[in-house]
Each structure stands twice: as structure tokens, then as C-alpha cells.
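# Pasting the sequence and the predicted coordinates here, then a few questions.
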Amino acid sequence: MTDTDNLSRRRFLQGTGAAATAAALAGCTGGGDGDDGEDETTTAPEDDGTTEEGMGEGEVDPSKRVRALNIGTMDTLDPIKATDTTSGANIQNIFDALTNYPNGQTNVENLLATNLETEEDGAVLTFTLKEGATYSNGDEVTAQDFVYSFERLAASDNSRRKSFILSTLAIAHETTTETRENDDGEEEEVEVYEPGTLAVEAEDDYTLRIELEQPFYAATSMLAYTSFSAVPEGLLGDVEGYEGEMDYQTFATENPIGAGPYVLNTWEQASEVSLDARDDYHGMDPRNAGINKAIFNESNPRYTYATVNVNADSPYIPSSQYDPELRNFEGTDDRGRRYGTYGPMDNDLTADYYEVATLSTFYIGFNVQNVPKPVRQAVAYTFSQQTFVNEIYPRPAKQAYHFTPPSIFPGGPSEYESLAQEYEYGYQMGPQLGKATQVMEDAGYGPDNRFSMSFNMPSGTASSWGSDLFTLLRDQLTEAYIDIELQSADWNAFLNTGRQGDFDMYFLGWIADYPGADNFLNLAYPPATNTSSESFTGYINWRGENATAAEQAKEGWEQIQSNYGTGMQEARAEGGQTMEAAIEEDAVYIPLYHGITQGYSYQWVDSPRVGAMGGSRSKSNTTGIMDRGEYE
Amino acid sequence: MSRWTYFAKRLVLSIPVIIFGTSLTFFIIYAGPIDPVTSILGMGATSEQIQNLEQQLGLNQPLWEQYFQYMVDMFTFSLGESWVIRPDVAANEVILSYAPRTVLMGALAVILPLFVGIPLGFYAGLRPNTLGDYTASFTGIVWRAMPNFWLAVIMLMVLSSSEYWLFGFNWETWIVSTNVAGTPEMDNLLQPLNFIAAVKVVLPGALVLGSASMGNEMRIGRTAFLEAKNSNYVEMARAKGVPGRSIVWKHIFRNALIPLIPVITAEAGVLVGGSVLIESVFGINGIGWLFFNAMARGDLPLAVAMMYLIILLIVGLNILQDFLYTIVDPRVGFEGE
Amino acid sequence: MSMTENKNDSIVERVKENPGPAARWGAVMAFLLLLEFGAIWGGIMSIPWDVPVKGLADVLPAAIGGVVTGIGSVFADVGNAFAEVPTLLERQWIPNRGYHVPGEGWQGTFLGLEPAYAWLIRLTLVYVYAAVTAYWAWRGYMTFRRHYRYADWTPADDMIDRFRSHNWGRFGLIIVAAFLVMALFAPAVSPTTESQNMTNPYDTENSMVKYYNENAGEVQEVTAGSANLASKSRGDRQNFGLWTYDKYDRFHPFGTLTTGKDLFTFMAFGGRISLFIGLFASALAGGIALSLALLTSYYKGLVDLATVLTSDAFSAMPRLLVLIMLVTVLQEHWISDIYSGAFLLAFLFGIWGWMGLWRAIRGPSFQIVENEWVTAAKGFGDRPWSIVKKHVAPYVIGYLLIYLSMSLGGYIIGAAGLSYLGLGVTAPTPELGRAIAGGQDLITTKSWHISVLPGVMITLLVLGFNALGDGIRDAIDPQSSSGDSSGEAAAAGGGA
């Protein structure tokens, strides 16, 4: 790979990654509520439950509909536009892609594909498609549809996932140069995708050939992502060469056509989403007749609805009601998930329960342009992962000392542990206010020269435990001459603030798009954090005089980038660790915790446990509902 | 002058009121520190994008021209499109999709107190110093002293576990099975069962929302009643031997209504404002929720459009109020005697 | 009111003629005030005095403005210094903070008492002091009435007498007074300090908490912040409810918040903010409404029309929505920083509060102006201002007061509602609405107190002001209570 290639890849990252961040984050930080990881599963009952245990007494009734909850409102059902897990969970049910994470597990299975052949170390992928798979409008899924769908992903103005196809997966393509003015008023040349040049080819109706710029070890994982879902060719006119058979708004809100197990019945923006099961689905016939999801923004009504009144098939347990003592573990399954029961709850029911470690990291980030390094370090010294997990965070969680979660950490989980013990800002200890004050004093701050900044977080987080975290940090940081002010906003408003580069200090999370460290570290690739560029993945603006380790991070990323093929793991790990060290040095991200998702479902639900990729990556057709008894 | 002339004049006079309120909204939002363009595009926007958008929104014109354009738009009911909440959808469409729930709740919140508060107040005024008077008065006064959102929080708790708090009474399954909290289904309201279900879902919110007015109405009803009873003309009538029932209805009731009129009409503002809090507690996605989010998320055209419609609504009610004044008490007109 | 001869003597001259009673009274009052001078001054200093100073400085040219702020800051320093003056009832004289050593009892508390009792004693003393001072102020009025007033009787005497026999009004007065005392003496009545509870819990000098560590078998120190972390009320799992001690032997009369901070202290200081907002907004709104009502009822016609239109225009925009709008828009403006945003709220509540009041008293004032005696006064050629002042205002004020008492509660509730939504008064300054929001998820658990108590406090406060308003109204408006003797009894039930 030549330098120019490298450059263009970077450009694209810079140019296309923004929305991806938001998307993956949406689930993590719990759009409306802040109970985090837990949200996802509780509110998508089809994802939880048990397979074998305790299910002898009932039979699944396929004519029953699943009752679920949506957290927060969702924006769109267009796979290339959706950026939050609320939308994602529904899109997952309506659309199918080539591959799939079965039940949200990290291993990938074929879905619309039946076979994959690779050439050139995995840089050329040839998929054979399943024959006879149909969309909900009756058309058959063909290779041409994928060509069209991928082109939409890469070129449509509606696409917010361009980086997935152009830079992460990096399907070979051509670019053109556009000149535009950047933030500082300088003219800048930016390369953008030249429409129609994607190296995706339909060799015949059932053979799809994809050529990547370079081998990518996680290509099949990437292709399982909902934005790579098949859409009938020519359905929409938002890419060149297609008139569009359907109005875009209709597709995105009323009549999305995909090859998934469900079809949209109704979507009332603020009250309910209802999906009907398809009887002509190409895969496993849905074990239920459909899904009704009530939409709730606030956690109390949600709790009342799902738990107190048992109107959903899985309880919702807000942090305030969650009691770790009610967990009763029966064992650990082959994927390391502890399972058992939870209860009795307020409704006297006991739910099936399990915990699964997700590929996620929640962190405090800093806008480097607004927050000087000593302040960032002082916050890092002040923040104690131990205190946070034990005293503030109301759920099970793992203390985080690196940006990449242990299971995909560069070099493996053991490296994570050994490096964590050298964590500069305190490994498993309380707050170090003395050091924080010292750092600030060394930099010339003092009682008469204090530093003020805002602490942004989504209002859902704030209303659950975020305000407690804020209070804790405010109280502590005031001793280190730092004044912070809480700014909480609705999820979208919050992200908008970030996209505009108006954060000072903020709380966010990231869950993996595919199981790879680079997926996390992309957020710390300095050029991809420039909020004044066309697109970006992080909001930290890691550049300038405040950023001494930015160059190191950049080098680390480049090393990862040039070793993307299968079998180049070690070189990637080295680059990854370089980046982790740079993040720690500059304290641009302070890792708080790695998520543990809790899955709950009432006893009458029969569905497999969700894996580490989370509930929004799994389909609901495996969920069965048995006799609900008095709660019918 | 005849009532109709007065009414016509009142209508004409409402125009400056609307202009004032609408202008104020414009200046707060558009001339204030919020920059609509950056709030849509973000700091990372290229100057070209900014210019395009400014052109599109008409923001590159001088402020007075924008203002003029804005006023024309408002008065011709072209309310613009939502930016953030439902991008590119007409504001009135967005508002319409959220409005029915709030309208239902608001209507209940006006009607319930009227039928509870005023009779209670008159009852108390008619029998001052009895146990009934004390109980009614005290309940009313405590009821209205409680913060609405707090009452709503408490009510949500009580109704969620109604069997525990209300001696086995199950709110959830009462009449029709509904959820205690959440957004009511507003389809097919013509079917009685659907209507009842929808009403039941918003009922707790309406009760809380109407609580302040209920207390107010009762209190003022009682005060006014007592006052009118003790006034000269009533004593005169009594001295003349007018029968008690006639005194109550013809003299006391009519005069006691005067101070009640502003309370009832002023409720509209209270309802719209209060719905922000109540809807957030009960999880009802209505107008109040929409306004709060439109503001919080910088969806300025939507917020402005809502404010404009609310101004129209309230001005309409004010006209009604003055009209009622002239009917009940001819002495009070806008021209005085 | 017949004694007109010496009417023009000023009160000073009258006191000079007969200094005895005044001197005796003054001496005692001075003594009483001196005892608590620092505390009272501290309460006064907590009001955002920098508002007028800063406002002035912004208007004036930079050079003069700088001088003004300079002088302002000198005054602020002096004021703060005064506030530091030790007082009789300061917490350090009657400390309630201590630790329990097994076998040795309580250390560090007042007389070695249990902290709860030490705190109770201090609380009681504060209220006793307030009661004595209030009584003495009343004595002052009586002294004035007996020795220095020419008239043997004025209508005000009757009003006061009526109020004194008005149980409901007295109930209101007591509640309001109790809250005023709590707000003014917040530092003294709170079980812990503002610094430990709100502003600087991790300050290693002022916020250290001593406790007996049983494992170590010795007395240790920890910052209040760390102690708070272990004292959180978080539902059924862990709760520090009413009248409990936490793990560090700190006493919490009302339990702790979700952050482990003391709820009573939070509420005492939060009450300050609420009262400030309510009183400031009421004064502003009431002032505007009264002036306008007098103006319009007298002149009618165009003036009335203009006021009607202005009022309609203002009230066409619901207050809460406008406040949400303005608070959001002004979030970054310096005015939002004054008194943690409370000033902006109070100001906006006042500006958006007069229409209802004015509307409510407009009808009555029209009716009053149409009375014979006003026409008669006009006939005598009295000046307009003295006519409205003498003949209209007293009656209008009666009405104004009821509506004002209602709306004052409304301002307090409104401010709490906004902070419930996360707008308005910002942390760490306590606001009752924030506690309600923070605890609402826990309301069905053992930690119900977090949401419930602040709500009860607001309710009581609003109730108190309503009752007080009723009482005053009955006292001022003879019509409602002279006609039948039922006035008092009726008022006891709910206010006439």
C-alpha cells in the first residue's frame, strides 16, 4: 500500500466517520435513560431469556406477539441512515445482510450468503447468495441488489455510515478532489468518493464479488452490520442512475422493504412501533407473530409499564430499583455468561437473568482545544474507577483502565491487565486529589486563577447516575481549582453539541461495531477527531499545542492501518498499544468502565441469550412466547 | 354600544397583541444569542454550507427584513419546517401529530375543576363555618399548594401500586385495562372504549394539571360568594323580601362569577406551561414535551411555531373572557363607563 | 385622628420629648440584634448584591464602571467580614458533630450529648431567639403606639386586632416566619455546614470528618466528600432515612440525598433560594400590578386600553414556556451566573407575573372607583394621586394581597419545576426541585424521603403564604369580616 493510499484512507476517515460514532454510541449511553448496557436487553425482550433452563413447563405459541419496549424515540428505519440502537434493533428485524451475528454473539454466520471464497489474502471476497430469499414485497434478493445497496451506503446523501464501507471495510473505489474551506478559513483539498466506482460486482444473480483496498481481517463481521443490508435495487432514487420507485420518506418511516423476518406494521413516532412476522422469510420462521414495542422516554413510566404492571415480556429495572442481592446465579454458560434468576420483583415475579460482558467502553472525553492538558490530567487523577464502580454506578460494571475492552485489547486480555497496573492516574485506588492539585499548581493555576468548564452528558445519564458523578467530580475538582458545570441535554441535542465541537468535558461510550481494537482506537486517531472537518469519529479535537502525544497516536494508528490483513495481528497490537499509551499520556479520554449487559425476561419467554455485540444486533425471530397466565 | 360592536372592536384590538407576542418570540429566539445556523450545521460547517443554509433560511438578509418575512409567514400560517425533531417535516404537521394528547388532557383539566371546584366553593360559601366548609376549604387550599410535578410524581407512585395504597382498588384494570403512564392511543377515538381508554390514561395528568385551578376556583368561588352575600345590594334585596333562592342565583351567583372569569380563562396558559412538567413525569409525548425538546434541541422554527399557535389560542380565550365580562357585569368594558 | 396640632412633629422630636420607653426598648433590641448580628448579616449577604453593582457597571463607561465594581467589592468584603462575626447561636458553641467511641460515649458534641440532641438544642435556641426578637419588635410597636403616636386609634389598630384574632392567618404567619428564620439562620440550623455539604466537601482543611474506626480502634479523619460517598440513600439497598446516623456518626434529621449529602442542610439552604425567588418576584410583579391598577382605574380610557393590550400580549405567552425559552437562550449569558441563576428566574417571574395580578384587581378597582366617595373626592378637587392613595389603594391592596399570596407560591413552585427539568438554578446551589427530580425514581423505596420531604416543604411554604395572605386580607378589608362574626371561624377553615 502506497503513501497516497494511506492518505486517501485517512481522508475518508476524516470525511465520513462522524455518524458512525453517534450510532454506536446511541446504544451505549442509553438514549433516554442512562441505565446503559442494561437498557438494550431489558427493553428488547426478544434478545434475552434462556434456551433450555426451566422451560419445560410451557410451549411456545407462534401466534403470540412479543411485547417490548423501545428506549427513546427512533429517527428512521433506513439502514444507511439509522445511527442509534433503538432504530438499529428494528432495522435488524426488517432487513437482512449477507452475514449476521447470531443472537448478537461475536462470531459471524452467513445469512443471505451461503458461501464465501476469498482471494489475495482476503482482499477479494466472493459471496454466493441464497436462492429464493425474498423481500417483504415479494421480490427475490439478488446480487444486483447488494451492488445497489452498497452504492447507496457509499454515495447517498442519506448515508451516515459512509466510513464503514469506504474506510473501515474499505471496498476499493475511486475518489475525486473537492476544495472546501476548513474551520480556520484555509482552503483544503478533500477527496470524496466518486459515485459508481465501488468495486462491488454482481457476477450473476447469485454471485457477488467484493474487492477491498487491502485485506481486512474483520470483513465478514463488518458486513453483518445493518447498514450493509440488502435493499431492492432501484427502490430509492438517492443515488445516481436510479429514479427511485418509492418516496424516500415513505421508505424511511412507513414502508421499509427488506429481506428480514419482519415487516413494519405501524410506527407512531411517539407511542408505538409494531412489526409483523413474515411467513415467507427465507431463514428460520419467526416463533412469534410479531413485536409490539411501546416507546418510552422516561424511566419511571417505563418501569411502571414493564415491571409493575407486567405489560411487556421482560421487566425493566431502573437503577433505583435494581438490587444486586436479588440476583441468583445458577451457572456460567460456554460463552462466559453468568445466568440465573432475578427476583422476586415488586410484581412478585422472578425473571430469568444473565449478565454478559459487552465490547464497550464508557469514558470521559475532553475537547483538547478547550481543555488544557494539566486540567485533563487533574481530572484523571481525581477520577477513581474504583470509587465510581463501587459507589456511583448502580449496575454491574468492570473498572476500565484502557480505551479498548480487555477481550479485544491489542495483545490480549493479559496485556490489558499488566498495562492497567501501571495506569498513570491510579490503578484500583481512590481519588488522588493531592496529585491533581499539584498538576494544576505546577501549571500556574491557583485559588485566584481557576479553570471553568462544562461537563456534558445526555440527560438520560444525568437523571440516573450521571448527576451523582457530576456532584462527586465537582466537589473534588473544586479543590484542584477546577469548576465544572453540568450540561445535560436530550440525546440528540447532546450529540449535536459534540459534533459542533462545543464540548469541554463529556461523558460517552462506545460499543464495538465489529470485534476489533481498531474499531475503538479509531476514536483516538487525531485527524479523525477534528470536529471542524467534514466528518469525524471522536469529538476531542486532538491537535495543537495542548496535544503532545497526538503525533504518537497518529503513528500508532498508521501502524494498525498498514497491517490490516489476516495474520498481521502482532503488528496491529503494537500500534494499538502505542495509541493506548498516547491516550493515557495526554489524558484525552479517561476510561471509566466496560459495560456488562444484564438480560432479563419473564419466565414465559423462550429465547437465546444475547452475546457481547448486544441486543440491537440480534433478530427477534428466535423469541418464543409461552403462556403468560394472568398477564396475557 | 352594542355587544357586537364591542366584540368586533375587541377582535381588532387583539391584532396588536398578537403582533407584540409574536415579535417578542422572534427577538428572543432569532435575535438572541442562539445562532440557528451553527445549531443546525455545527461548528464544523464549511462556509459554503453556512451560506447555503443562511440563504435557504433567509438569514443572510438584514434583521428587519427577516423580521418582516417572519411576521408575514406567521400570519399566513406558513410555519416552516422542523429542523431537528423531525427534519424536513412541516412544523404544523409535527405539532398536529403531538397535539391531540395534550388537547384531551387539557380539556379534562379545565372541565374537571369547573365541575368540582366551583360547586365546592359555593357550597362552602353558602354554609360558612360548618364542618363541610372547613373540610372543603382546607382540602382545596392544600391541594393547590402542592407543586404539580411533585403531585404527579406521588400520583404515579400511588396509581402504579394502587392495590397497596387504595385498599385493593386496581387502577390499571378499572373499567378498561390501560397503562398507568405512557402515551395514550389516539386512534379511533369515536369508539367509546378507545375514548375511555385514552381518557383514562391522561386522567391522572389532567387531575394534577387541574389541581391548581381547582383549588383556585374553589377558594375564589367561596370568597366571592361570601363577599357578594355580604354586600349592600344583597342586603337590600333581602330587606326587600326577595326569596333566598332568588338572591343566591340572581344576585350572589352573578356577582361572584366576576372574579372567577379571569381564573378560568387564565388557565389556558397554566395548562400549556404545566403540561411540560406533567407530560415529562407521566411520559405522555404531547405538546409540552415537544416544546421543551424543541427548545433543548434548538429546533427553533418548531418552537416559534408552537409559541405562535399558543399565543393565538390564548388571545382567543382572552377575547372570550372580556366578552363574558360584559355579559356578567356590564359595568366592566374596555371603555369603562 | 382628630389631633392635628402637633402632627408635623417628626418622630425624632417626639422621642426626644420622652426618651425613656424608647431607650429601654432600643437597648434590649440592640442587645438582641448584637447577639446574632453576624448570622443575620450573613443571611443578608447571601442575597446577590452584585446584581445592581454589576448592572450599573455594565451600563456606565468602563472607567466609572470599574470604580463602581471596586467599591461594590469593598462593600462585599466588609459585609462578608461582618458575617464572620461570631454569634451566640453559632454551631461552634453548640456543636452537634462528634463521634462515638465505645465505652467513652460521644466526643466533640455539646456537653457530650448525642448529636441529635445537640442539634435539637441549637435548633430550639435559634427559634427561641427568633421568637424573643419578634416579640420584642412587637413590643416596640406597642411602645410607639402608647407613647409616641398622637392618635389613640387608627384603622391600622383594628386591622392588627383583626389579624391577631385570625387563627388561619396566624398559622400562616408562623409558618412563614419559621421558614424565614430557617432561611436566615440556615448555617446555624443545619446539622452540617454549607462547605461540607455543598461547596467544598473535599476541602482538607474545613471539611474533615472525625470518626472512630472500629477496625483500627482509633479516631481517624476523612473528608466529608468521602464520608458522603458511604452515606448515600440509594433505595432499598442502602438508606439513611429520617433521624438516622451514618457510618461516620453524622446525624441526618431528614436523611441523606442520593449523593450522601444531608437533606436538611440542602433544604435549609434551598429554602433561602426559594424564598428569595418568591419574594423578589412578588415585589416586582406586585409593584407593577398595583401601579397599573391604580393608573387604569382612575384614568380609564386610553391608558386602560394600552394596559389591557400590553397585559394581553404578555399573558398570551405562558410564563413557564417563556421561562424555558429565555433560560435556554440565556444559558451562556452572564446574567445566568448571578446567584446561580436564581436572580434571572426571580426577575423573569416578576416580569411575567404582573398580568394576572393586574387583571384580577382591575375589576375590583373599577368597581371601587365607581363608588360615591371617590366621586365625592373628585368633586372636592383632591389630586388624583391622593384620591387613589386614600380611597382606592387600601381596597385594592386587599385584593392584591390574596392574589399575591397565591402567586408567590406559584413562583416558588415554578422555580422548583424548572430545576426539576434541569433548568434555572444550577448546582451546587441547592434547589428543592432538583432533590425531587433526583429522588423520584426512589419514591417507592425506603429512600422516599428524598422526593417527598422537599415537596412537603414547598407545599407548607406555599400554604403558609396563602394563609398569611388570607389573614392580612381579612384584616385589611373590613367588609368581609365586619358583616358577620363568622370571619374568624371561616378563615380558620380556609380563609375568607
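Thanks, I have the structure now. Numbers count the residues shown, from 1 in each chain, chains lettered A, B, ... in the order given.
# Of all residues in chain B, which one is closest to chain C?
B:Ser137 (2.2 Å; Cβ to the nearest Cβ). Glycine gets a C-beta too; all of them are placed from N, C-alpha and C.
# surely that residue meets B:Arg222?
Yes: contact criterion Cβ atoms under 8 Å: B:Ser137 and B:Arg222 qualify, at 6.5 Å.
# residues from chain A in reach of chain C?
Taking Cβ under 8 Å from any Cβ of the partner chain as the measure of proximity, chain A contacts chain C at A:299-300, A:303, A:318-321, A:323-325, A:346, A:387, A:391, A:394, A:430-431, A:433, A:459, A:462-464, A:467-468, A:470-472, A:474-476, A:478-479, A:485-486, A:488.
# Any quick ChimeraX command for the buried ones out of these?
Buried residues among the residues of chain A next to chain C (16 or more other Cβ atoms under 10 Å in any protein chain shown), as a ChimeraX selection:
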select /A:299,300,303,318,319,320,321,323,346,387,391,394,431,433,459,462,463,464,467,468,470,471,472,474,475,476,478,479,485,486,488
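# For A:Asn100, the count of nearby residues, please.
Counted by other Cβ atoms under 10 Å in any protein chain shown, the residues lying close to A:Asn100 total 26.
# these two touch, right, it and A:Val108?
Yes: the pair A:Asn100 / A:Val108 is scored as a contact, 7.0 Å apart, by Cβ under 8 Å.
# Overlap of the contact sets of those two?
Common neighbours of A:Asn100 and A:Val108 (criterion: Cβ atoms under 8 Å, 6 or more residues apart in numbering or on different chains): A:Ala224.
# before we move on, back to that, filter the residues of chain A next to chain C down to just the ones in strands.
A:Glu485, A:Leu486, A:Ser488 (DSSP state E).
# could the residues you listed go into JSON lines alongside pLDDT and distance to C:Leu404?
Listed next are those as JSON lines, based on pLDDT from 0 to 100; distance: Cβ to Cβ, whole Å:
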{"residue": "A:Glu485", "pLDDT": "86", "distance to C:Leu404": "34"}
{"residue": "A:Leu486", "pLDDT": "86", "distance to C:Leu404": "34"}
{"residue": "A:Ser488", "pLDDT": "79", "distance to C:Leu404": "34"}
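# List just the nearest of the residues you listed to A:Tyr281.
A:Ser488 (41.7 Å; Cβ to Cβ).
# Could you give the bridge partners of that closest one?
A:Met457 (DSSP bridges).
# Now do the contacts for it.
Taking Cβ under 8 Å, 6+ apart, one finds A:Asn456, A:Met457, A:Pro458, A:Ser459, A:Thr461, A:Ala462, A:Ser463, A:Gly466, A:Ser467, A:Phe494, C:Gly422 in contact with A:Ser488.
# ok, of these, which one's closest to A:Tyr242?
Nearest to A:Tyr242 out of the contacts of A:Ser488 is A:Phe494 (Cβ to Cβ; 35.3 Å).
# What residues does that closest one make contact with?
So A:Phe494 contacts A:Asn456, A:Met457, A:Pro458, A:Ser459, A:Ser488 (Cβ under 8 Å, 6+ apart).
# Just to check, the first one is in contact with A:Met505?
In other words, A:Asn456. Yes: counting by Cβ under 8 Å, A:Met505 is a contact partner of A:Asn456 at 7.1 Å.
# circling back: possible to save the contacts of A:Ser488 as CSV with pLDDT?
Formatted as CSV, the contacts of A:Ser488 follow (pLDDT from 0 to 100):
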residue, pLDDT
A:Asn456, 91
A:Met457, 90
A:Pro458, 86
A:Ser459, 78
A:Thr461, 85
A:Ala462, 84
A:Ser463, 77
A:Gly466, 89
A:Ser467, 87
A:Phe494, 81
C:Gly422, 82
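# Kindly indicate which of the ones in strands among the residues of chain A next to chain C lies nearest A:Asn546.
A:Glu485 (20.6 Å).
# Could you find the closest non-adjacent residue to the closest one?
Closest residue to A:Glu485 apart from its sequence neighbours, by Cβ to Cβ, 6 or more residues apart in numbering or on different chains: A:Ser454 at 4.9 Å.
# what about that neighbour, which SS state?
Assigned by DSSP: H, G, I helix; E, B strand; the rest coil, the conformation of A:Ser454 is strand.
# Would the helix or strand where B:Ala228 lies count as contacting chain A?
Assigned by DSSP states H and E, B:Ala228 belongs to helix B:192-230. No: judged by Cβ under 8 Å from any Cβ, helix B:192-230 stays clear of chain A, getting no closer than 10.4 Å.
# Contact partners for the closest residue in space to A:Pro394 that isn't next to it in sequence?
Spatial nearest neighbour of A:Pro394, excluding adjacent residues (Cβ to Cβ, 6+ apart): A:Ser319 at 3.6 Å. Applying Cβ under 8 Å, 6+ apart, we find A:Ser319 in contact with A:Asp35, A:Pro394, A:Arg395, A:Ser464, A:Trp465, C:Asp441.
# Quick one: low-confidence residue ranges for the chain.
Here I'm looking at chain A. Along chain A, the parts satisfying pLDDT under 70 run over A:1-58, A:71-73, A:180-189, A:269-270, A:297-298, A:492-493, A:534-535.
# could you do chain C instead?
C:1-9, C:47-73, C:75-88, C:406, C:477-496.
# got the residues of it near chain A?
C:199-204, C:225-226, C:229-230, C:232, C:234-237, C:258-259, C:261, C:422, C:426-428, C:437-438, C:440-442, C:444-445.
# Name the residue of chain A that lies nearest to chain C.
A:Ser320 (3.5 Å).
# residue contacts, that residue?
Contacts of A:Ser320 by Cβ under 8 Å, 6+ apart are A:Pro394, A:Ser464, C:Arg234, C:Gly235, C:Asp441, C:Leu442, C:Thr445.
# Which pair in those residues has the greatest spatial separation?
The widest separation within the contacts of A:Ser320 (Cβ to Cβ) is 14.5 Å, between A:Ser464 and C:Thr445.
# picking that back up, what's the closest of the contacts of A:Ser488 to A:Glu240?
For the contacts of A:Ser488, the nearest to A:Glu240 is A:Phe494 (34.7 Å; Cβ to Cβ).
# Where does the closest one sit, in terms of helix or strand?
With DSSP H and E as criterion, A:Phe494 is part of helix A:491-499.
# After that helix, heading C-terminal, what element do we hit next?
Next element after helix A:491-499 (DSSP H and E): strand A:505-511.
# What is that next one packed up against?
helix A:18-28, strand A:360-366, strand A:451-458, strand A:589-601 (3 or more Cβ pairs under 8 Å, 6 or more residues apart in numbering or on different chains; DSSP states H and E).
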